[in-house]
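S.K.: Sequence and predicted structure below; questions after.
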Amino acid sequence: MNDVADRSPGATEAEAGLAGAASAVAEFQPRRRTLLDHIQHVLHNNPTLVPVIVLALSLVAFGIIAGERFFSPFNLSLIMQQVSIIGMLAAAQSLIILTAGIDLSVAAIMVLMSVVMGNLAVNMGVPTPIAIVAGFAGGAAAGLLNGVLITRVKLPPFITTLGTWNVFFALNLWLSGAQSIRSQDIDEKAPLLKFFGESIQLGGAKITFGVILMVLMFLALWYMLNHTAWGRHVYAVGDDPEAAELSGIRTERVLLSVYTLAGFLCALAGWAAIGRVGSISPQSFYEGNLQSITAVVIGGISLFGGRGSILGALFGALIVGVFQSGLRIAGVDVLWQVFAIGWLIIIAVAIDQWIRRVSA
């Protein structure tokens with residue numbers, strides 16, 4: 001008789017059990033990572049790499065398409081000037097989005113505080129330094145109002161800031177009488193308001209103090225977020241507020257501080273905007289809210305909170321500026337510039353979703 005016939009039923013069942021166990025173990029063995037998996041892990045651990053790579057590729061592409069004019073010192077410094085105000089708004093917006101919130105009122109706070117500074121210094125004769133400090137205090141108060149409504153009244157950030165955007169915009173029109181403050185009046189009565197519009201020449205480049213302020217703002221926030229307990233708490237609240245609460249972090253206090261700081265930064269951007277534009281218009285930077293969100297999203301900061309680097313928002317703003325400048329020099333219609341930025345946003349969100357699905 002053959003060997004199969006000699007086997008007992010118990011032995012056959014035991015072998016089948018061992019085979020089943022072996023297959024079960026095999027199922028839990030980790031699969032070999034592909035090159036795409038490694039890229040996904042690297043980007044997950046270094047989210048700022050995405051906007052850096054996109055910015056580098058954009059510079060190369062538009063250098064080829066638009067020619068030597070694109071890389072001229074004047075044009076590169078002009079890009080920096082054009083993105084400086086939106087970059088500051090993006091810095092404030094980044095703080096909010098890192099906590100898994102969103103602020104639709106950042107531009108409204110900025111314009112309102114520039115109107116407050118202008119009215120006090122130009123129309124009411126208040127000393128300019130006091131008018132500027134009053135604008136800073138008003139910006140912080142506006143941000144604190146958003147924070148209180150979100151943390152104490154428990155309103156969603158989107159609805160809260162959509163409402164306060166309308167409130168601040170209405171106050172803006174009321175205080176200004178829907179009238180601009182002319183550049184000549186600012187020069188005559190409060191020239192300090194234009195401080196950040198002053199510039200220094202470096203070769204063929206023209207670097208305004210507003211650009212320097214934007215860079216310093218991002219560096220200061222990067223340090224605060226990466227080298228202070230407050231910064232670690234911001235990331236913890238954005239990643240998992242319940243776990244942060246259980247670990248002893250006072251989440252409501254963190255959120256209040258974030259919204260208040262964001263409001264202050266918007267007021268600082270309002271002062272810089274006066275120097276950038278040269279006048280004070282109650283209807284300037286009307287799309288600043290969406291543009292700041294665009295810079296943050298393209299910069300690789302997750303809309304779900306808790307992940308991303310504040311420097312990514314700076315790179316995101318620069319990417320938008322490079323695209324607009326390169327397409328303009330290449331003679332592309334403004335309509336298609338907006339079209340390109342729209343696809344940039346969609347691609348950035350898709351990449352963020354893909355990175356978030358990284359396997360353990």
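M.R.: Nice, thanks for sending it over. The model shown is predicted, which means the values in this text are computed figures rather than measured ones.
S.K.: ok, Val126 to Leu98 distance?
M.R.: 36 Å (CB to CB, to the nearest Å). In this view, the C-beta of every residue, glycine as well, is placed from N, C-alpha and C.
S.K.: who's more crowded, the two?
M.R.: Leu98 (26 against 16; other CB atoms under 10 Å).
S.K.: so which strand or helix has the closest residue to that one other than its chain neighbours?
M.R.: Closest residue to Leu98 apart from its sequence neighbours, by CB to CB, 6 or more residues apart in numbering: Gly238 at 4.8 Å. Gly238 is part of helix 229-239 when elements are defined by DSSP states H and E.
S.K.: do the same with Pro282
M.R.: Going by DSSP H and E, Pro282 is not in any helix or strand.
S.K.: May I ask which helix or strand of this structure has the lowest mean pLDDT?
M.R.: Ranked by mean pLDDT, DSSP states H and E, the weakest helix or strand in the chain is helix 3-6, scoring a mean of 48.
S.K.: ok, the residue nearest to Leu98 - contacts?
M.R.: Residues in contact with Gly238 (CB atoms under 8 Å, 6 or more residues apart in numbering) are Ile97, Leu98, Thr99, Ala100, Gly305, Gly306, Arg307.
S.K.: And the helices in the stretch 251-360 of the chain?
M.R.: Under the criterion DSSP state H, counting those that start in this stretch, the stretch 251-360 of the chain carries helices at the ranges 251-277, 288-298, 310-329, 334-356.
S.K.: by contact count, what packs against the shortest one?
M.R.: Spelled out, it's helix 288-298. helix 73-98, helix 106-118, helix 310-329, helix 334-356 (3 or more CB pairs under 8 Å, 6 or more residues apart in numbering; DSSP states H and E).
S.K.: possible to save those helices as JSON lines with distance to Leu202?
M.R.: What follows is the helices and strands packed on helix 288-298, written out as JSON lines (distance: least, CB to CB, whole Å):
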{"stretch": "helix 73-98", "distance to Leu202": "8"}
{"stretch": "helix 106-118", "distance to Leu202": "28"}
{"stretch": "helix 310-329", "distance to Leu202": "18"}
{"stretch": "helix 334-356", "distance to Leu202": "28"}
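S.K.: For Arg32, which of the helices of the stretch 251-360 of the chain is the nearest?
M.R.: helix 334-356 (19.6 Å; CB to CB).
S.K.: From the contact counts, what lies against that closest one?
M.R.: Using 3+ CB pairs under 8 Å, 6+ apart, helix 334-356 sits against helix 35-45, helix 49-66, helix 288-298, helix 310-329.
S.K.: and the direction of the last one versus that of helix 73-98, what angle?
M.R.: Comparing the axes of helix 310-329 and helix 73-98 via axes from the mean of the first three to the mean of the last three CA atoms, to 10 degrees yields an angle of 140 degrees.
S.K.: that older thread, hmm, which of the contacts of Gly238 are the buried ones?
M.R.: Buried members of the contacts of Gly238, counted by 16 or more other CB atoms under 10 Å: Ile97, Leu98, Thr99, Ala100, Gly305, Gly306, Arg307.
S.K.: hang on, the earlier thing: and the helices and strands packed on helix 334-356, which one is worst for confidence?
M.R.: When the helices and strands packed on helix 334-356 are ranked by mean pLDDT, helix 35-45 comes last with a mean of 72.
S.K.: what's the closest of the helices of the stretch 251-360 of the chain to Gly63?
M.R.: Once the helices of the stretch 251-360 of the chain are compared by CB to CB, helix 310-329 is nearest, at 8.3 Å.
S.K.: who does the closest one touch, helix- and strand-wise?
M.R.: Partner elements for helix 310-329 (3+ CB pairs under 8 Å, 6+ apart): helix 49-66, helix 73-98, helix 209-227, helix 288-298, helix 334-356.
S.K.: want to throw those helices into TSV with distance to Asn172?
M.R.: Converted to TSV, the helices and strands packed on helix 310-329 look like this (distance: least, CB to CB, whole Å):
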stretch	distance to Asn172
helix 49-66	32
helix 73-98	15
helix 209-227	21
helix 288-298	13
helix 334-356	25
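S.K.: right, and those helices - which one's nearest Leu255?
M.R.: helix 73-98 (9.1 Å).
S.K.: and the closest one, which residues are buried?
M.R.: Under 16+ other CB under 10 Å, the buried positions of helix 73-98 are 75-77, 79-98.
S.K.: what residues does stretch 325-337 touch?
M.R.: 58, 61-62, 65-67, 69-70, 75, 78-79, 82, 323-324, 340.
S.K.: What is the nearest of the residues you listed to Ile351?
M.R.: Ser58 (14.9 Å).
S.K.: residues in contact with the residue nearest to the closest one when sequence neighbours are not counted?
M.R.: If you skip the residues right next to it in sequence, Ser58 has Val322 as its closest partner in space, 4.8 Å away by CB to CB, 6+ apart. Counting by CB under 8 Å, 6+ apart, Val322 makes contact with Leu55, Ser58, Leu59, Phe62, Ile79.
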